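Asks: missing the sequence, but the structure's below:
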DNA sequence: ATGATCTATGCACACGTGTGCACAACCTAG
DNA sequence: CTAGGTTGTGCACACGTGTGCATAGATCAT
């Protein structure tokens, strides 16, 4: 292991092994035509010199870099951060390297995509990013495989892995009805984004089939402070139960209810979305929809692999089933209520 | 903008502009020797074809990829996630692309470093990563510039940007003494890591110079559930004020105090560290040390730039001054206390 | 013994870019 | 008209790797 500091190239391994550079390349690639003896000699030499193939050069030659572009938006949102961590881990396990760009504005998105394309990424994963139109357009134009996570989109040939917001909304409706709620509210997010709308629709439709309807529906940005204001408006309508498109919104609602100083038995039941770590803490103890990020990120990475392996195949769209984690915010201690 | 889907190479720009490929390269690089007229022709052709230089090829030729390796650990920790977001943004603004690897185990760290080196990154930024010994050793061996963020280390020639835990501890001591506390406790994290130790030392030393001392000092992992257990032990010692090495620890302590059902006036004052978003929410309203991540990440990126530009220069070590954000958890409503 | 088949390896090219050096064209001074 | 300078451009090489093709040696069939 004589790392003298300078780069070790394959030619040096070849010289040490008394062999040509081609043979080194083939031996390391596991080419069956290389004899056992020389392969061992090459491996020994490579190990001795601490040889690491230059993936940039390999990428240039192979037209495949092993780099995957990842576009994220708001890492301060714990849900996004967690998703990114899982993606990074799973991509790494699959011998792919994630090149991460954040974009908060539309020109940021265009810039990020341009950079990614310049780096010849093998695929792009967009993680709940807005401006997905731009991203889709650029990736289709550049013929790069693209997987959108939790972002539905048009009819272009892009991979889509998304949670089933409709099913989640229905599950929440079932749960709240079973707990005895009668007057329902929905607190949506981000200018009524598609995802928020979907969750609301699943919720409302199932309520209707139970013979109820939605008394109030308002929406807020995904920030705690702004949500507090809207939460107060929701509470003014005195709902039995509130379904929030996001855990942060739910926390704001819970705090607003506490601040209103209503006796505990009269506070509405609350359900959040994302099942963030905080939801499990006793201070909130929030019933929340778990999107199954573990499965979602796994499917996303698998989809990226598949599209890299077969670029011309039809991209599939997968739906991940969410599940409900029931906690104290919808416990029966709240069930005796006077609307 | 005739993107027919296939890659556009510089030779195609050259042909369209009726010029040689060298001239295209020089024109786009802003070489002064190129005449105004041809430069315009090249730019027009490049724009028309939607030409994007292949940064992989450029990296191979220039021995400089513009990629910076980023090593992170626990993105579920909001502090790390926020730091990563800022790093990604600031690196991107400086025309650098972050290749992100997560490592939770020591072999994960070695693997991550090996991958980074293979991708010929221009520098490595390690973000509060454990196993920094391995990282330092590998980067020094590979002669890659390395910047450690919030991680002090030996005498190797690596850049270090860290918050001033000593000063922070002292500030907290001053603050708590001024608020009337007399019996102090410290709740540390992660097996008494260096960072946690430093904060405690700053705290204790200043307490001593005020004529007080530390009644209790315990430590826990950085997870809420484990911290709750240790927090209960701390409370058993009935301190006036508790300084926690981490906001999560502080939240656990606050919840433990509430759960103990002591009258509000007798609960200890609590100070956290990181000033996470949650600290500002009314449910915790936690006084917390802000590490000034904005400044810290800026300095980190600047340090990386400097080390890339001058690899043989002596790496500098910078200290970022933290500041205290005072909130309700140390408000005077708690000041009348019976120890 | 000779041609045929197979095995193991080397030569040389390609990937797309940047740049030292040479050189053509033009201008100026004598 | 010639010598010398200035300006703009092209040739050809290098970066480190993978791989098609050719080939030397060995084994085998006849």
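Replies: Thanks, I have the structure now. Values in this document were obtained by computation on a predicted structure and should not be read as measured data. Numbering: from 1, shown residues only, chains lettered A, B, ... in the order given.

Asks: make it CA atoms for all contacts and neighbour counts henceforth
Replies: Will do.

Asks: Show the average pLDDT along stretch A:242-262.
Replies: Averaged across stretch A:242-262, the pLDDT comes to 92.

Asks: any residue of the strand or helix carrying residue A:26 up close to DNA strand D?
Replies: Secondary structure from DSSP states H and E places residue A:26 in helix A:21-29. Yes - Helix A:21-29 lies within reach of DNA strand D by Cα under 7 Å from any atom of the strand, at A:21-23, A:25-26, A:29.

Asks: Next, format those residues as CSV and append pLDDT and distance to residue B:193.
Replies: Putting the residues of helix A:21-29 next to DNA strand D into CSV (pLDDT from 0 to 100; distance: Cα to Cα, whole Å) gives the following:
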residue, pLDDT, distance to residue B:193
A:21, 92, 47
A:22, 92, 49
A:23, 92, 48
A:25, 93, 44
A:26, 92, 46
A:29, 89, 42
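
Asks: Most neighbours among these, please name it.
Replies: residue A:23 (19 neighbours; other Cα atoms under 10 Å in any protein chain shown).

Asks: Around DNA strand D, pick out the residues from chain A.
Replies: With the criterion set to Cα under 7 Å from any atom of the strand, chain A comes near DNA strand D through A:7-11, A:21-23, A:25-26, A:29, A:52-55, A:57-58, A:60-62.

Asks: For chain B, tell me which of these show up nearby.
Replies: Restricting the residues of chain A next to DNA strand D to those within reach of chain B (Cα under 8 Å from any Cα of the partner chain) leaves A:7, A:52-55, A:57, A:60.

Asks: Which members of these occur in helices, if any?
Replies: In this view, these that belong to helices under DSSP state H are A:55, A:57, A:60.

Asks: what does the domain assignment say about chain A?
Replies: What automatic domain parsing lists as the domains of chain A is A:10-53, A:63-163+A:293-320, A:165-291+A:325-334.

Asks: Just tell me which of those ends up closest to residue B:309.
Replies: Ranking the domains of chain A by proximity to residue B:309 (Cα to Cα) places domain A:63-163+A:293-320 first, at 21.4 Å.

Asks: Low-confidence ranges, chain A, go.
Replies: A:1-6, A:154-155, A:191-192, A:332-339 (pLDDT under 70).

Asks: Now with 50, please.
Replies: A:1-3, A:334-339 (pLDDT under 50).

Asks: So what touches stretch A:100-118?
Replies: Applying Cα atoms under 8 Å, 6 or more residues apart in numbering or on different chains, the external contacts of stretch A:100-118 come out as A:69-74, A:99, A:129, A:131, A:134-135, A:138-139, A:142, B:52-56, B:85, B:88-89, B:92, B:97-100.

Asks: Buried among those? Make that a PyMOL selection.
Replies: A single PyMOL command is used to select the members of those judged buried by 16 or more other Cα atoms under 10 Å in any protein chain shown:
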select buried, (chain A and resi 69+70+71+72+73+74+99+129+131+135+138+139+142) or (chain B and resi 52+53+54+55+56+85+88+89+92+97+98+99+100)
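
Asks: who's in contact with the residue most central in space within chain A?
Replies: Centroid check for chain A by Cα atoms, centre = their mean gives residue A:83 as the closest residue, at 4.2 Å. Each residue near residue A:83 by Cα under 8 Å, 6+ apart is listed here: A:127, A:293, A:297.

Asks: residues from the stretch 1-150 of chain A in reach of chain B?
Replies: Proximity of the stretch 1-150 of chain A to chain B (Cα under 8 Å from any Cα) is limited to residues A:3-7, A:52-57, A:59-60, A:74-76, A:78, A:81-82, A:84-85, A:88-89, A:92, A:97-102, A:114, A:117-120, A:141-143.

Asks: filter those residues down to the ones close to DNA strand C.
Replies: Applying Cα under 7 Å from any atom of the strand to the residues of the stretch 1-150 of chain A next to chain B, those adjacent to DNA strand C are A:57, A:60.

Asks: Pull the distance from the particular helix or strand that has residue A:288 in it to the chain's centre.
Replies: Element membership for residue A:288, per DSSP H and E: strand A:287-290. A distance of 16 Å separates the centroid of the chain from that of strand A:287-290, by Cα atoms, centre = their mean, to the nearest Å.

Asks: go on, stretch A:184-204?
Replies: Worked out by Cα atoms, centre = their mean, stretch A:184-204 lies 19 Å from the chain centre.
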